[in-house]
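Enquirer: coords please:
(chains A and B, ligands or ions: 1)
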Amino acid sequence: MNIDAIQRGIVLDHISAGRGMDIYRALHLDELSCSVAIIRNVKSPAMGKKDIIKIDEDIDIDLDVLGFLDPGITVNIIEDGVIVEKKHLALPHRLTGILQCRNPRCITVQEKSLQQIFLLKDAERHIYRCYYCDAEQK
Amino acid sequence: MRHLINITDFTPEEIVELLDLGDRMIADPAQWRSSQQGRILATLFFEPSTRTRLSFESAMQSLGGSTLGFATADSSSTTKGESLLDTISTVSCYSDIIAMRHPREGAPVAAALKSRVPVINAGDGGHNHPTQTLTDMMTIRRRKGVLDGLTIGVCGDLKFGRTVHSLLDAMSRCPGNRFVLISPPELRVPSYVTDMLQSRGSRYTEVESMEAAMAQLDVLYMTRVQRERFFNEADYVRLKDTYILTPEKLAGARDDLIVMHPLPRVNEIDTRVDDDPRAVYFEQVRNGRFVRMALIQKMLEDWA
Ligand SMILES: [Zn+2]
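Expert: Presented below is the predicted three-dimensional model:
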């Protein structure tokens, strides 16, 4: 695979250095059949070092998961070898099925069929609260 | 369709509307005697609380409606492993409104997702108990005439006392209230409560002595200091008497102070205080019935 030239696909740029593998796993990129490259510790003027992931296919990416894990990531959509769209992420307001409530008294501990839902409470401090019991989580 | 899960589900204006209706109901209960005739309130008490359940049932029956439900989880199908959501789906076919108490935090939020009828939270673990707060607010307003500009002392277990957190939440939304938080250092309010007070610009002080705070108070809200909250017996024994209200401690209080307590009390208010005209805790019980009547009426009519 030529990691520099993607014809059609997605480049996740500005991943905090060292988080590349976490992102790879969280997005289940191991389940893809196309080629995927994780490039670690790339020199970056803005970040010092960063990781980059290149995916050789235009797949649907869960931007909520991505925004939650690392809101600084830029998602570049590539077509015919050029960037046609740049998406800047933000912390999502609502996380569904991503965080698990850790409050042992929460109703979600008992009712397994309930979907885990978290709402953004404090964007600056990355604090979410459980939709059911209000317990806070980072 | 509205639910009442947390006291902040209602705006301050809506709370005033509700209290106004409660006052009208107290003034002329006969007028409302059949306003909910033919309607059914389900009281689902997955955790027993006889007082709260009776208050809801009395309220619905005073409006001409009827009630069904269960008083403990062991008489319900949950012991056979039925999920809360299935219970709610079923019961909301049999009733027009649900009041539920559950030991788990957030249970009424989950119930509201499934229910076809309005859900009222009658207590979810140590989390919320909004109808207690409505009762407290009704009592304060009936006695003091206002909900703002008051100096409100809360005393006892401020760390785990959910009625206190909820009351502080509601009363700090009314302008000009000042709070005196009276507790042993071990049982001070959690930081999220003081953060909330600060973010709303409410003035508050944290003190350890009830007597020293007494003279300035318009409202004294007592809660229980429970033995199991202390790491050791010695600390409990040392502190418990400090937070028991006696006629002697009331000596320095204002004549128009009101002494409140969510009940049941154990020993935190000396029974000799009961005859003091400033003691309003049994009045709270009566107000609780009327404010629940107003709530049911509002949720089934104006806010339906
Ligand atoms: Zn939770």
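
Enquirer: State the pLDDT value of B:Ser75.
Expert: B:Ser75 carries a pLDDT value of 62.

Enquirer: can you check B:Leu158 too?
Expert: For B:Leu158, pLDDT reads 93.

Enquirer: can you check B:Phe231 too?
Expert: Note on B:Phe231: pLDDT of 74.

Enquirer: What residue, apart from its backbone neighbours, is nearest it spatially?
Expert: Using C-beta to C-beta, 6 or more residues apart in numbering or on different chains and skipping the chain neighbours, the partner closest in space to B:Phe231 is B:Glu186 (7.9 Å). The way it works is simple: take the backbone N, C-alpha and C, and place the C-beta from them, glycine included.

Enquirer: Give me the distance between that neighbour and chain A.
Expert: 21 Å (C-beta to the nearest C-beta, to the nearest Å).

Enquirer: Tell me the backbone dihedrals of that residue, please.
Expert: Main-chain torsions, B:Glu186, degrees, to the nearest 10: phi -70, psi -20.

Enquirer: Was I right to think it contacts B:Asn232?
Expert: No - using C-beta atoms under 8 Å, B:Glu186 makes no contact with B:Asn232, being 10.6 Å away.

Enquirer: Count the neighbours of A:Gly9 for me.
Expert: Around A:Gly9 there are 18 other residues, counting by other C-beta atoms under 10 Å in any protein chain shown.

Enquirer: Spit out the contact partners of it.
Expert: A:34, A:54-58, A:78 (C-beta atoms under 8 Å, 6 or more residues apart in numbering or on different chains).

Enquirer: now, which of those residues lie within strands?
Expert: Within the contacts of A:Gly9, residues falling in strands by DSSP state E are A:54-55, A:78.

Enquirer: Can you tell me which of those is closest to A:Ala46?
Expert: A:Lys54 (19.2 Å; C-beta to C-beta).

Enquirer: Which residue is the nearest non-sequential neighbour of the closest one?
Expert: The shortest distance from A:Lys54 to any non-neighbouring residue, by C-beta to C-beta, 6+ apart, is to A:Ala37 (4.5 Å).

Enquirer: So what does that neighbour have for phi and psi?
Expert: For A:Ala37, the backbone dihedrals (degrees, to the nearest 10) come out as phi -120, psi 130.

Enquirer: didn't it look like it was pressed against A:Tyr24?
Expert: No - contact between A:Ala37 and A:Tyr24 fails when scored by C-beta under 8 Å: they sit 10.0 Å apart.

Enquirer: Now do the shared contacts for those two.
Expert: Counting by C-beta under 8 Å, 6+ apart, the residues touching both A:Ala37 and A:Tyr24 are A:Ile53.

Enquirer: Please parse the chain into its domains.
Expert: Since you didn't name a chain, this refers to chain A. Chain A resolves into domains spanning A:8-88, A:94-137 when parsed by automatic domain parsing.

Enquirer: Chain B is the one I meant
Expert: Domain segmentation of chain B under automatic domain parsing yields B:7-129+B:285-302, B:130-282.

Enquirer: can you tell me the distance between the two ends of the longest one?
Expert: Spelled out, that is domain B:130-282. 19 Å (C-alpha to C-alpha, to the nearest Å).
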